[in-house]
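[1] got a predicted structure here, sequence first:
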Amino acid sequence: MIVAAIALNTFKEAVRDKILYVLFAFGVMMILVSRAIGWVSFGGSEKIMADVGLAAIWIFSGMVSIFIGTGLIYKEIDKRTIYTILSKPAERWQFIAGKYFGLVITTLVNLVLLSSAFLAYLWFSGVPVTLGLLQALYLTLIEMMVVTAVAIFFSSASTPILSAIFTTVIFFVGQLTKWVVELGSTMKMSAPWVEKLLYAVYLFLPNLHNFNIRDKAVLAGDALAVSGSELVLVTVYGLAYASAVLLMSHLIFSRRNF
Amino acid sequence: MVNGSDLAIKTSNLHMTYNPGLFARKKHALKGLNMEVPPKTIFGFLGHNGAGKTSTIKILVGLQFCTEGQAWIMGGDVRDSKTRRHVGFMPENPYFYEYLTARETLDFYGRLSHLDRETRRRRTSELLAQFSLEHAADVPMREFSKGMRQRLGLAQAIMHQPPVVILDEPMSGLDPLGRRDVRNIILSLRDAGQTVFFSSHILSDVEEICDRVCVLNQGSKVAEGPISSLLTGKVLEVKLAASGIPAAGIEEVRKLAVRCWHDGALYHVIVDTEEKAQAAKSRIEAAGGILRVIQPHRESLEEYFVRVTDGGAGDGSVIVKDKPAEVHA
């Protein structure tokens, strides 16, 4: 009940934040201009529309998670609203979980609205809406659950600006972790410790590339972009990573004095 | 009882040390505070800025963790979140979510206090009426005045009808009418059987409504007990005013005075003991003057506070300046 109350309040707070509408408007605009990009590009304009639309949804969902998420906990401490919450019979983990789920609901609503606009636009433009596209949108949501957990983690320990920088770095570096391992393996002979270090970095950072099936979805046509078992595996990875990060946030937060 | 289950609040050897950083000295906000707050009383918690009042309050409501010692509320360890079901808390200058209305705010805090929907709805209506906020029930918090916020802060603290209510500077920044409202609310809570523990710098209010007080100085307790025991009734000075005293008589009276002055037809004299006041009275009457006023001035809580805290100075050790100050009921 407490987690739900805090989550609902966080959602209300986000919905009243102008930044959400600005990002949503930009997202819709990007989806709409995808057709124009298709006209001036080589290759099928239908594929470009789907490609640009999926990328727009991904980037603007990421921005919602980062820009709203990184200020969530800090704002509660800075504005001292946390005093009247933690002095109630609420556990500190419930506060972290409530903030997290509130932002996940916000991201979900934003993603559903952007996706609806995107799919409707494709449909009206005569581009087929495939299961592959839905799979890509689903994995974008799971990716945002990971990014939101990272944003909450930094927000519970740092200022919004630093948190936004760290989370943005992880958001983009997380797309490249596969290459971190490959880079390590090229250095196996000359500096074996570098390989181990890079592998540790690979394990520590979220492998957000796992969630990126956008190209596959565009190229798959009527087929599935990934198999059902792959989808489950990636979902389990995302939820496990987000849970681990939230647990770390709780460990920091549970020892803090306010 | 070790955990003070028969008390509303108990602290035992409570220490709080802040570590400001690698090269800065540690700050000892609390140095072994032992305090007992009986149930159904209004308890004033006094001290200068930085004396350790807010640290103590934050430990009691779970916002901070003490570095040593223990504290209990209604017999429950304050580190246990279940104990906070027995506590209502209003921080100094309470902050709320600006986008929520007063009704939504109370409902939100009701949910955090495990109240069911029906109870929340009933209590919200009751409290909005009790705190004269019915007209602003659906107004967002950003449009609330300081006094309205303070009243809503009190309302959220007692939403779940806790036996113990802790208020940090509840009169801070309020105008005289706002202070009167808060005083009346505190008195009504005590009358309803709740314990009110509050910190304040406005000592006249504390003296007026508190049953007991605890005075902190630099992290240590310097006095605790019922106000009637702490304020001994000792006369600090006596003010006399007389008319028609001839010049020779004035000279005689002046010898006893700490301060004296003319104000039109009246001659004012301040003496520092009751004996000197009697002597002055005799000399005025013997000289043919007419005594108009004789007014003893007894020690107020403010003067007591300044005396026991050395005006905020001292090394912070527990110095019991006055034996009756340690009287425990």
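    Looks like it came in fine.
[2] so which bits of chain B are right by chain A?
    With Cβ under 8 Å from any Cβ of the partner chain as the criterion, chain B meets chain A at residues B:58, B:61-65, B:81-85, B:87, B:89-91, B:93-97, B:99-100, B:108-109, B:111-114, B:153, B:156. From N, CA and C alone the C-beta is placed, and that goes for glycine too.
[3] buried among those? Need that as a selection in ChimeraX.
    Those of the residues of chain B next to chain A that count as buried under 16 or more other Cβ atoms under 10 Å in any protein chain shown are selected in ChimeraX with:
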select /B:58,61,62,63,64,81,83,84,85,87,89,90,91,94,95,96,97,100,108,109,111,112,113,153,156
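[4] narrow the residues of chain B next to chain A to those in strands?
    Among these, the ones falling in strands (DSSP state E) are B:87, B:89, B:90.
[5] quick one: contacts for the first one?
    Taking Cβ atoms under 8 Å, 6 or more residues apart in numbering or on different chains as the contact definition, residue B:87 lies against A:87, B:60, B:61, B:73, B:162, B:164, B:165, B:166.
[6] which residues in chain A form helices?
    Applying DSSP state H to chain A gives helices spanning A:2-15, A:18-39, A:45-78, A:81-86, A:92-124, A:131-155, A:160-173, A:177-186, A:192-204, A:214-219, A:228-253.
[7] flag every buried residue along stretch B:293-307.
    For stretch B:293-307, by 16+ other Cβ under 10 Å, it's B:294, B:299, B:301, B:304, B:305.
[8] closest to chain A among those?
    The closest of the buried residues of stretch B:293-307 to chain A turns out to be residue B:305 (Cβ to the nearest Cβ; 26.5 Å).
[9] any idea of the pLDDT on the closest one?
    Confidence at residue B:305, expressed as pLDDT, is 86.
[10] touching, it and residue B:215? I think so.
    Yes. Assessed by Cβ atoms under 8 Å, residue B:305 is found in contact with residue B:215 at 6.2 Å.
[11] mutual contacts of these two, please.
    With Cβ under 8 Å, 6+ apart as the test, residue B:305 and residue B:215 both reach residue B:46.
[12] now do the helices in chain B.
    Using DSSP H, helices in chain B cover B:53-60, B:102-112, B:117-130, B:146-157, B:176-191, B:203-209, B:227-230, B:247-254, B:274-286, B:301-308.
[13] most neighbours per residue, which of these?
    Comparing the helices of chain B on average neighbours per residue, with mean count of other Cβ atoms under 10 Å in any protein chain shown, the densest one is helix B:53-60 at a mean of 25.
[14] which strands or helices does that one pack on?
    strand B:9-18, strand B:27-37, strand B:42-47, strand B:68-73, strand B:164-168, strand B:195-199 (3 or more Cβ pairs under 8 Å, 6 or more residues apart in numbering or on different chains; DSSP states H and E).
[15] quick one: work out the angle between it and strand B:195-199.
    Between the axes of helix B:53-60 and strand B:195-199, defined by axes from the mean of the first three to the mean of the last three Cα atoms, to 10 degrees, the angle is 140 degrees.
[16] and the residue in the stretch 101-250 of chain A that chain B sits nearest to, what does it touch?
    Closest contact between the stretch 101-250 of chain A and chain B, by Cβ to the nearest Cβ, is at residue A:102 (12.2 Å). By Cβ under 8 Å, 6+ apart, the residues touching residue A:102 are A:6, A:7, A:8, A:9, A:10, A:11, A:13, A:14, A:72.
[17] so for the nearest residue to the fifth one once chain neighbours are set aside, what pLDDT did the model give?
    If I follow you right, that is residue A:10. Nearest non-adjacent residue to residue A:10, counting by Cβ to Cβ, 6 or more residues apart in numbering or on different chains: residue A:102, 2.4 Å away. The pLDDT attached to residue A:102 in the predicted structure is 95.
[18] of all the helices of chain A, which one comes closest to residue B:43?
    Of all the helices of chain A, helix A:81-86 sits nearest to residue B:43, with 20.3 Å by Cβ to Cβ.
[19] centre of the chain to that closest one, how far?
    Relative to its parent chain, helix A:81-86 has a centroid offset of 27 Å by Cα atoms, centre = their mean, to the nearest Å.
[20] check stretch A:235-254 too.
    Stretch A:235-254 sits 14 Å away from the centroid of its parent chain (Cα atoms, centre = their mean).
[21] I'd like the mean pLDDT over that stretch, please.
    Across stretch A:235-254, pLDDT averages out at 95.
[22] and it, is it in reach of chain B?
    No. Judged by Cβ under 8 Å from any Cβ, stretch A:235-254 stays clear of chain B, getting no closer than 9.6 Å.
[23] using PDB, write out every CA atom in that stretch.
    The C-alpha trace of stretch A:235-254 is given here as PDB (Å, rounded to 0.1, in the frame of the first residue of the first chain):
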ATOM      1  CA  THR A 235      13.500  -9.700 -19.900                       C
ATOM      2  CA  VAL A 236      14.900 -11.700 -17.000                       C
ATOM      3  CA  TYR A 237      18.300 -10.100 -17.400                       C
ATOM      4  CA  GLY A 238      16.800  -6.600 -17.400                       C
ATOM      5  CA  LEU A 239      14.700  -7.200 -14.300                       C
ATOM      6  CA  ALA A 240      17.600  -8.800 -12.500                       C
ATOM      7  CA  TYR A 241      19.900  -5.900 -13.300                       C
ATOM      8  CA  ALA A 242      17.300  -3.300 -12.300                       C
ATOM      9  CA  SER A 243      16.700  -5.200  -9.000                       C
ATOM     10  CA  ALA A 244      20.400  -5.400  -8.200                       C
ATOM     11  CA  VAL A 245      20.800  -1.600  -8.800                       C
ATOM     12  CA  LEU A 246      17.700  -0.900  -6.700                       C
ATOM     13  CA  LEU A 247      19.200  -3.000  -3.900                       C
ATOM     14  CA  MET A 248      22.400  -1.000  -4.100                       C
ATOM     15  CA  SER A 249      20.300   2.200  -3.900                       C
ATOM     16  CA  HIS A 250      18.500   0.900  -0.800                       C
ATOM     17  CA  LEU A 251      21.900   0.000   0.800                       C
ATOM     18  CA  ILE A 252      23.100   3.600   0.400                       C
ATOM     19  CA  PHE A 253      19.700   5.200   1.200                       C
ATOM     20  CA  SER A 254      19.100   3.100   4.300                       C
END
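[24] quick one: which of the contacts of residue A:102 is nearest to residue B:183?
    Among the contacts of residue A:102, and counting by Cβ to Cβ, the member closest to residue B:183 is residue A:9, at 32.0 Å.
[25] hmm, who's touching stretch B:98-112?
    Around stretch B:98-112, the neighbours that count as contacts under Cβ under 8 Å, 6+ apart are A:1-2, A:4-6, A:9, A:12-13, A:16, A:84-85, A:88-90, B:96-97, B:119-121, B:123-124, B:127-128, B:133, B:136-142, B:144, B:152, B:155-156, B:159-160.
[26] what does stretch B:228-240 give?
    By Cβ under 8 Å, 6+ apart, the surrounding residues in contact with stretch B:228-240 are B:213, B:223, B:258, B:268-274, B:276-277, B:280-281, B:284, B:291, B:293-301, B:303-304, B:322, B:324-325, B:327, B:329.
[27] mind redoing it with 7 Å?
    Outside stretch B:228-240, the residues that touch it by Cβ atoms under 7 Å, 6 or more residues apart in numbering or on different chains are B:213, B:223, B:258, B:268-272, B:274, B:277, B:280-281, B:291, B:293-299, B:301, B:303-304, B:324-325, B:327.
[28] what do you get for stretch A:215-234?
    Stretch A:215-234 is contacted from outside by A:47, A:50-51, A:54, A:130-133, A:135-136, A:139, A:142, A:210-211, A:213, using Cβ under 7 Å, 6+ apart.
[29] distance between the ends of it?
    Terminal residues of stretch A:215-234 are spaced 17 Å apart (Cα to Cα, to the nearest Å).
[30] name the nearest residue to residue B:55, sequence neighbours excluded.
    For residue B:55, ignoring the flanking residues on the chain, the nearest one in space by Cβ to Cβ, 6+ apart is residue B:29 at 4.2 Å.
[31] shaky segments in chain A?
    Chain A contains residues with pLDDT under 70 at A:38, A:41-44.
[32] rerun that using 80 as the cut-off
    Scanning chain A for pLDDT under 80 picks out the ranges A:17, A:34-46, A:184-185, A:187-192, A:220-225.
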